[in-house]
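Asks: The sequence and its predicted three-dimensional model are supplied below.
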Amino acid sequence: MYGAPVRGRLLLAIALGLASTGAFAIAPAAATATRISAAPGRDEIPFGASTDITGAITGHPGSDGGVVLDLEADAYPYGSFVRAASRNTAADGSYRFPVSPSRNTRYRVALRSTPGVRSGTASVTVDEDVASSVRYRTPGRATIVIRSEHPPGLDWGDRRVRWYLSPTSLAKLHRVDAGRTSTPRRGVTRMETTVQVPAGRFRFAACFQAQSLGAMGPRVARPRCGRHRFGGGRRALYQGTGKAPFGYPRRSSIERAHRYLNDRAGLKSFGVVTTEGRLYGSNLHRRFVSASVVKAMLLVAYLRMLHREHRGLDSSSRSLLHPMIHVSDNDAATRVWSIVGDPRLRRLAKRAGMKDFSIQGIWANAMISAADQARFFYDMKRLLPREFRRYADHLLSHITSSQSWGIPAVARPRGWTVFFKGGWRGTARGQLVHQAARLEHSRDRMAIAVLTDGDPSMGYGIQSIEGTAGRLLRGRP
């Protein structure tokens, strides 16, 4: 009857004895295990900048102050952590390691006395120092330069670069050029292109590939280089914006010319290439019978033939070309056409980038458009052999006064030098009246082509051309 109380006292004595010997000391230690926290002050910094790895130690036996901690770093391409610095914790167990990584780097903090006790990983992303510039080059082109500074150990030179462009900030970027990266000095990668740009605001981007690109920036900054389109978002690294000048005539003047000509009788079309080399107009690709406007093409084709045959301008050539242009002599034009032939005219049209030109039968029945003729006159100097440019310019700027109506009648009083050719004839619709011209003023160059058919009279057609030119040439370049 006394067995149970005796047994209880015996078990209590055994338990008290074991506690006094420390056999259960593991339990309190497990409840206060040593922990280290770690986090970057900024997890993304520009190249050359600094940040901090901060945190605290808790649960260290004795106290959390004065504990020696090691900062371990693992820089891209991430192989192993190595000791980078050491610090004693403050009285409250906190610590701070200033760091200045030159590339993407992972950090962790370890207890010096027990290296197996360490923090989780704290990552710092380092962005390249990227700058871009845009220089506008008349007509209608821009030189875009992107420059990146990064660690000297990253060699990104002589890599294929793809360039992309968008006419607005929202439209998709389409590929416009390709080139190679260069390295002006170690630690600098440079990309450059010169391309046609749209008027107003536009967006550009560049893209290249290299194995070590992961050393810098976040992954979203390194999109795939699309063959035709740029697949990167707003965080893609090598991109920027520009704002190109519209040029002269102004947009409002072109709109006024469109409204004016649209209200005129008959079929009509006009094209204008601005001082920035961009083509605008109304019914740009409507095709008309050329009449004498094609004589300017005959002139250029004939001079190109002389150049290819290493011949100069003799009296025979002058006796054909001068009357064909100066007084629009049809017999001279027929003789020049018989020498040049349709194949040379077609080759010239292709060289000039014409999309609507065709010829079959006599020269006067060639088919032209305002877009093609405006481009042709604008680019005529490029199409002419150098040795004949002055001669061609003299002919086209000294046409007899009785035929200097239309564009020259409006432009010359405004200070423009005009190189032009007109054409007129009757058709089944009524009267056909055309004119195309290149205009130069100081360093400015532009071109206008106005084509009409079905006019009630030749005078009405001339008035349409002069009215269109007058609205385009308002104000100064």
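Replies: Perfect, I can see it now.
Asks: residue contacts, the residue nearest to Ala39 when sequence neighbours are not counted?
Replies: Distance criterion C-beta to C-beta, 6 or more residues apart in numbering; nearest residue to Ala39, sequence neighbours excluded, is Ala122 at 5.5 Å. Yep, even glycine has a C-beta here, placed from its N, CA and C like the rest. By C-beta atoms under 8 Å, 6 or more residues apart in numbering, Ala122 lies in contact with 38-40, 43, 53, 106-108.
Asks: what's around Pro167, how many residues?
Replies: Pro167 has 15 neighbouring residues, counting by other C-beta atoms under 10 Å.
Asks: Where do the strands of the stretch 351-477 of the chain begin and end?
Replies: Taking DSSP state E, counting those that start in this stretch, the strands of the stretch 351-477 of the chain run over residues 367-369, 417-427, 430-441, 444-455.
Asks: List the neighbouring strands of the third one plus their orientation.
Replies: If I follow you right, that is strand 430-441. strand 417-427 (antiparallel), strand 444-455 (antiparallel) (DSSP bridges).
Asks: what does the average pLDDT come to for it?
Replies: For strand 430-441, the mean per-residue pLDDT is 97.
Asks: With the second one instead?
Replies: Across strand 417-427, pLDDT averages out at 97.
Asks: again with the last one
Replies: Along strand 444-455, the predicted confidence averages to a pLDDT of 97.
Asks: in that strand, what counts as buried?
Replies: By 16 or more other C-beta atoms under 10 Å, the buried positions in strand 444-455 come out as 444-455.
Asks: is it true that Thr34 touches Leu111?
Replies: Yes. Using C-beta atoms under 8 Å, Thr34 is in contact with Leu111, at 6.6 Å.
Asks: Compare neighbour counts for these two and give me the winner.
Replies: Ranked by neighbour count (other C-beta under 10 Å), Thr34 and Leu111 place Leu111 first, with 19 against 16.
Asks: Please look at Thr114 and Thr34 and confirm they touch.
Replies: Yes. Here Thr114 lies in contact with Thr34, judged by C-beta under 8 Å, at a distance of 7.4 Å.
Asks: Mind checking which of the contacts of Ala122 are buried?
Replies: 38, 40, 53, 106-108.
Asks: Can you give the contact residues for the helix or strand containing Val161?
Replies: If you go by DSSP states H and E, Val161 is part of strand 160-166. Residues outside strand 160-166 that contact it (C-beta under 8 Å, 6+ apart): 144, 172-181, 191, 193, 195, 197, 202-209, 225-226, 229-230.
Asks: quick one: stretch 57-64 to chain centroid distance?
Replies: Once both centres are worked out by C-alpha atoms, centre = their mean, to the nearest Å, stretch 57-64 turns out to sit 59 Å from its chain's centre.
Asks: Pick out the most distant pair among the buried residues of strand 444-455.
Replies: Spatially, the most separated pair among these is Asp444 and Gly454, at 33.6 Å (C-beta to C-beta).
Asks: domain ranges for the chain?
Replies: 33-126, 128-244, 251-472 (automatic domain parsing).
Asks: hey, which of the ones you listed is tucked in deepest?
Replies: domain 251-472 (a mean of 19; mean count of other C-beta atoms under 10 Å).
Asks: low-scoring stretches of the chain, by residue?
Replies: 1-32, 169 (pLDDT under 70).
Asks: May I have the host helix or strand of Arg87 exported as PDB, CA atoms only?
Replies: Using DSSP H and E, Arg87 sits in strand 82-88. C-alpha atoms of strand 82-88 as PDB (Å, rounded to 0.1, in the frame of the first residue of the first chain):
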ATOM      1  CA  VAL A  82      35.100  34.100 -51.400                       C
ATOM      2  CA  ARG A  83      35.700  36.300 -48.400                       C
ATOM      3  CA  ALA A  84      35.500  40.000 -49.300                       C
ATOM      4  CA  ALA A  85      35.500  41.800 -45.900                       C
ATOM      5  CA  SER A  86      35.100  41.300 -42.100                       C
ATOM      6  CA  ARG A  87      33.300  43.300 -39.500                       C
ATOM      7  CA  ASN A  88      32.400  43.100 -35.800                       C
END
